[in-house]
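Chemist: I would like to see how this sequence folds:
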Amino acid sequence: MLARAIGGLTLAGLPEWYTKDAIAAERERDSQLPKRFGPNDQINVGAIGVGGRKGGYRQGMGDTQRIGGQHGVKVVAICDLDDVHRTEAADYFGPDTAKFHDFRELLARKDIDAIVIGTPDHWHVPVAIAALKAGKHVYCEKPLTLFIEQGRKLVKVYKSSKQVFQVGSQQRSDERFRMACELVRNGRIGKITKVLANLPTGPTGGPFAAEPVPSDFDWEFWQGPAPRAEYTHERTHGVFRWWLDYSGGMMTDWGAHHNDIAQWGLGTDRSGPVSVQAFGKAPFIGENCYTTFPEFDIDYTYADGTVLHTSNKGENGVEFQGDKGSIFVSRSTIRASDQKLLDEPLPSSATRLYESNDHAKNYIECIRTGKPAICDAEIGHRSATVCHLGNISLRLGGRKLHWDPAAEHFVGDPEAQALVSRKMHEPWAV
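Modeler: Coordinates of the predicted model:
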């Protein structure tokens, strides 16, 4: 077994046969890029939603730092609705960094080539569509969408553009996850019968009292397309994830990662399941309390009968179960029911998946070469859709729902279909 560093990560537990080819391929890609970048080669990046130290959570800053640290890249502008976050980010990237309150003013700058979206989830699609229409390449944190319908609209705009779009599903740029999916796709564990996506348990909290809006924070603009509510800091800065007004809870937080890997391994990352059913009783949700589901057991069935079971139980990670063995993969390990399943090299004729060993680097490389990113808008939308389907079944008391992944429509269930979208607060629309 070999431990090595690549893309800023030290990866242990991978067999040498798998890593040596990746090292050679990465060196080859690097050799094709210019070693020096002149003024006309530099990629200028604008960041929308950059987080801050309030609450100890730096939403948006991590991806911007990683992308801004790539060779030949400079962060030239940042935008945030919190004055403290905006000032801290500008100080970090340098005194010449332009500061914006309104993302539309940042997008109007002609010298910005690419953006990073680190806003709360309810802003992802409106900002991303505006950025694509402004001719900017887009990196957007996951989950890509808040509702299924807005994802369809985003994908349509993306496909009509010439821009690179990268969703922050960075597990696709981790060799462990890619290796697991390649082994599964090449039949190493036989016919897949079940996939387990094990997520953390979400928090509960509330009721929360209304508070005065801080003088350095634009609460009205922050809410934007979401329903209006009285301000409480538990709705913002990281913990927005536990409100259905702005996010989808643990189902879309970790679910957007692990369900994405499950679909990558199944080869369904541009389609999806044909039915969904949630099991278990939903928690009581009181007035002005967190509204997302902390606990869940959800079965997604695919056209070939394979079941993806997503729950808040078990070891965090993804397990593929087949009739010849199983493979478990997480951010710290890959293991199999029999070590030989990992140690035996794939044949030269094997199906190999898109290779990226650094998510931020892949985004910048694709901007320079014009090739699609490893997790484009279509894939990001489909991965988020799986999470939304689970939440919809939970909201409807756990009844079984039939889904047409081609038409992206619930079959024979108007109540479920009504939950694929939500009217946006005016004047916002997509």
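
Chemist: Need the contact partners of stretch 191-203.
Modeler: Contact with stretch 191-203 is made by 184, 242, 249-251, 253-255, 258-259, 261-262, 265-266, 290, 292-295, 306-324, as judged by CB atoms under 8 Å, 6 or more residues apart in numbering. Quick note: C-beta positions are derived from backbone N, CA and C, even for glycine.

Chemist: Let me know the secondary structure of the most centrally placed residue in the chain.
Modeler: Nearest residue to the geometric centre of the chain (CA atoms, centre = their mean): Lys142, 2.4 Å. Secondary structure, DSSP: H, G, I helix; E, B strand; the rest coil: Lys142 is coil.

Chemist: Need the pLDDT of it.
Modeler: The model reports Lys142 with a pLDDT of 97.

Chemist: hang on, the earlier thing: which ones among the contacts of stretch 191-203 lie within helices?
Modeler: Val184, Met250, Met251, Asp253, Gly255, His258, Asn259, Ile261, Ala262, Gly265, Leu266 (DSSP state H).

Chemist: Turn these into a markdown table, including neighbour count, distance to Lys153 and pLDDT.
Modeler: As requested, the ones in helices among the contacts of stretch 191-203 are exported to a markdown table (neighbours: other CB atoms under 10 Å; distance: CB to CB, whole Å; pLDDT from 0 to 100):
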| residue | neighbour count | distance to Lys153 | pLDDT |
| --- | --- | --- | --- |
| Val184 | 25 | 32 | 98 |
| Met250 | 23 | 26 | 96 |
| Met251 | 29 | 22 | 97 |
| Asp253 | 20 | 23 | 97 |
| Gly255 | 28 | 22 | 98 |
| His258 | 28 | 26 | 98 |
| Asn259 | 33 | 21 | 98 |
| Ile261 | 27 | 26 | 98 |
| Ala262 | 29 | 25 | 98 |
| Gly265 | 25 | 28 | 98 |
| Leu266 | 21 | 26 | 98 |
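
Chemist: quick one: contacts for Gly135?
Modeler: Gly135 makes contact with Ser161, Gln163 under the criterion CB under 8 Å, 6+ apart.

Chemist: do Gly249 as well
Modeler: Gly202, Arg241, Trp242, Tyr290, Thr292, Phe293, Pro294, Asn391 are the contacts of Gly249 under CB under 8 Å, 6+ apart.

Chemist: Please apply the same query to Ile334.
Modeler: Residues in contact with Ile334 (CB under 8 Å, 6+ apart) are Gly13, Leu14, Arg176, Met179, Ala180, Ile327, Phe328, Leu342.

Chemist: leaving aside the residues next to it on the chain, what's closest to the third one?
Modeler: What that stands for is Arg176. Ile334 (4.4 Å; CB to CB, 6 or more residues apart in numbering).

Chemist: Is that neighbour bridged to anything, and to what?
Modeler: When assigned by DSSP bridges, Ile334 has beta-bridge partners Val329.

Chemist: Quick check, pLDDT for it.
Modeler: pLDDT, read off for Ile334, is 97.

Chemist: In the helix or strand hosting Tyr158, which residues are buried?
Modeler: For Tyr158, the element it lies in under DSSP states H and E is helix 148-159. Buried positions in helix 148-159, judged by neighbour count with 16 or more other CB atoms under 10 Å: Ile148, Glu149, Gln150, Gly151, Lys153, Leu154, Val155, Val157, Tyr158.

Chemist: what's the answer for stretch 215-228, then?
Modeler: For stretch 215-228, the neighbour count (16+ other CB under 10 Å) marks Phe217, Asp218, Trp219, Trp222, Gln223, Gly224, Pro225, Ala226 as buried.

Chemist: tell me the mean pLDDT for that stretch?
Modeler: Over the span of stretch 215-228, the pLDDT mean works out to 98.

Chemist: State the distance spanning the first to the last residue of it.
Modeler: With CA to CA, to the nearest Å as the measure, stretch 215-228 spans 18 Å from end to end.

Chemist: next one: stretch 219-237
Modeler: With CA to CA applied, stretch 219-237 spans 11 Å between its terminal residues.

Chemist: would you say Tyr363 is within a strand?
Modeler: No. Counting by three-state DSSP, Tyr363 is not part of a strand but helix.

Chemist: In the stretch 101-250 of the chain, where is pLDDT below threshold?
Modeler: Scanning the stretch 101-250 of the chain for pLDDT under 70 picks out no residues.

Chemist: Would you check that Leu389 makes contact with Thr301?
Modeler: No. Using CB atoms under 8 Å, Leu389 is not in contact with Thr301; the gap is 11.1 Å.

Chemist: out of those two, which sits in the more crowded spot?
Modeler: Neighbour totals were compared for Leu389 and Thr301, and Leu389 leads with 28 against 17 (other CB atoms under 10 Å).

Chemist: quick one: contacts for the more buried one?
Modeler: Applying CB under 8 Å, 6+ apart, we find Leu389 in contact with Ile148, Gly272, Pro273, Val276, Tyr300, Leu401, Trp403.

Chemist: at 10 Å what do you get?
Modeler: Leu389 is in contact with 148, 251, 259, 272-273, 275-278, 298, 300, 401, 403, 405, 410, 416, 419-420, counting by CB atoms under 10 Å, 6 or more residues apart in numbering.

Chemist: how about the nearest residue to Arg395 once chain neighbours are set aside, secondary structure?
Modeler: Closest residue to Arg395 in three dimensions, ignoring its sequence neighbours and counting by CB to CB, 6+ apart: Leu419, at 6.6 Å. For Leu419, the assignment made with three-state DSSP gives helix.

Chemist: Is Leu401 bridged to anything, and to what?
Modeler: Bridge pairing for Leu401 (DSSP bridges) gives the partners Val276.

Chemist: Cross-check the contact I'm expecting between it and Val276.
Modeler: Yes. Taking contacts as CB atoms under 10 Å, Leu401 lies within contact range of Val276: 5.2 Å.

Chemist: So between these two, which is more surrounded?
Modeler: Neighbours per residue (other CB under 10 Å) separate Leu401 from Val276, with Val276 holding more: 27 against 23.

Chemist: hmm, which two among the contacts of Gly249 are most spread apart?
Modeler: Tyr290 and Asn391 (13.7 Å; CB to CB).

Chemist: Strands of the stretch 201-350 of the chain, residue ranges please.
Modeler: Using DSSP state E, counting those that start in this stretch, the strands of the stretch 201-350 of the chain run over 275-279, 297-301, 307-311, 317-322, 325-329, 334-336.
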